[in-house]
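J.: From the sequence below, what's the structure:
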Amino acid sequence: MDPRQQRMIEAVKNAIMTEIKGQQLYSHAAATTQDPAAKTMFTALARDEDEHVALLQAQHKSLVEAGRIDLSQVHPAELDHGAGHVIDDSFRKSIKRGTFEMAVIGIGCDLENKAINYYRDQAAKTDDPGLKQLFTWLGEWEVGHLEHLVELEKMMQDEYWAEQGFSPM
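T.: Model prediction:
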């Protein structure tokens, strides 16, 4: 195996681990929270991360077996990434402002930021067009996750502070 192929495989393996961390966080949060709206959102995020893992595993297999990225079966416009469909007005009204959920969302923001930075860095480093496209898509999908989590984090923090008697100044 040539060094270029080895570097590509290593980049994909690191990406798989990045996605598994998010998937595990969101799966655990979905199983732990008592809030039905939070459970729905965390489940959707875990499912998205599962899709990313499967996509990356398929690319790992292609790299090992064929020595190249194969995006022929990937149709990013058909994939529904991000929890935007979950975070709607009814969700905003129903979710409780629990400190557990706030902590998970904060950790999720950190993980999404790390994933975005990793994908952007790897897309910039590679000279392989397929790998560049793969990491660009993954980075964009993670930006969608992050935007929704940041919105939710702000909303929950504002509500928490209001409940604690700290009204805006």
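J.: From Leu25, how far off is the residue nearest to the spatial centre of the chain?
T.: By Cα atoms, centre = their mean, the chain has its centre lying nearest to Glu142, at 4.6 Å. Relative to Leu25, Glu142 is positioned 13 Å away (Cβ to Cβ, to the nearest Å). Using the backbone N, CA and C atoms, a C-beta is placed for each residue, glycine as well.
J.: Following the chain past the least confident helix or strand in the chain by mean pLDDT, name the next helix or strand.
T.: Ranked by mean pLDDT, DSSP states H and E, the helix or strand of the chain with the weakest confidence is helix 89-94, at a mean of 63. Going down the chain from helix 89-94, the next helix or strand is helix 99-125, by DSSP states H and E.
J.: And the helices in this protein?
T.: 3-32, 36-66, 89-94, 99-125, 129-163 (DSSP state H).
J.: For the fourth one, buried residues please.
T.: When neighbours are counted by 16 or more other Cβ atoms under 10 Å, the buried residues of helix 99-125 are found to be 101-102, 104-105, 107-109, 111-112, 115-116, 118-120, 122-123.
J.: got the contact list for Glu101?
T.: Residues in contact with Glu101, defined by Cβ atoms under 8 Å, 6 or more residues apart in numbering, are 29, 33, 35, 38, 95, 156.
J.: list the buried ones in stretch 130-137?
T.: So for stretch 130-137, counting by 16+ other Cβ under 10 Å, buried means 130-137.
J.: now, which of these sits nearest Ala11?
T.: Leu131 (6.9 Å; Cβ to Cβ).
J.: list the contacts for that closest one?
T.: Counting by Cβ under 8 Å, 6+ apart, Leu131 has contacts 8, 11-12, 59, 69, 122-123.
J.: 10 Å instead?
T.: 7-8, 11-12, 15, 59, 63, 68-69, 71, 122-123, 125 (Cβ atoms under 10 Å, 6 or more residues apart in numbering).
J.: before we move on, the earlier item: joint contacts of Glu142 and Leu25?
T.: 49, 111.
J.: I'd like the distance between Ala38 and Cys109.
T.: With Cβ to Cβ as the criterion, Ala38 and Cys109 are 15 Å apart.
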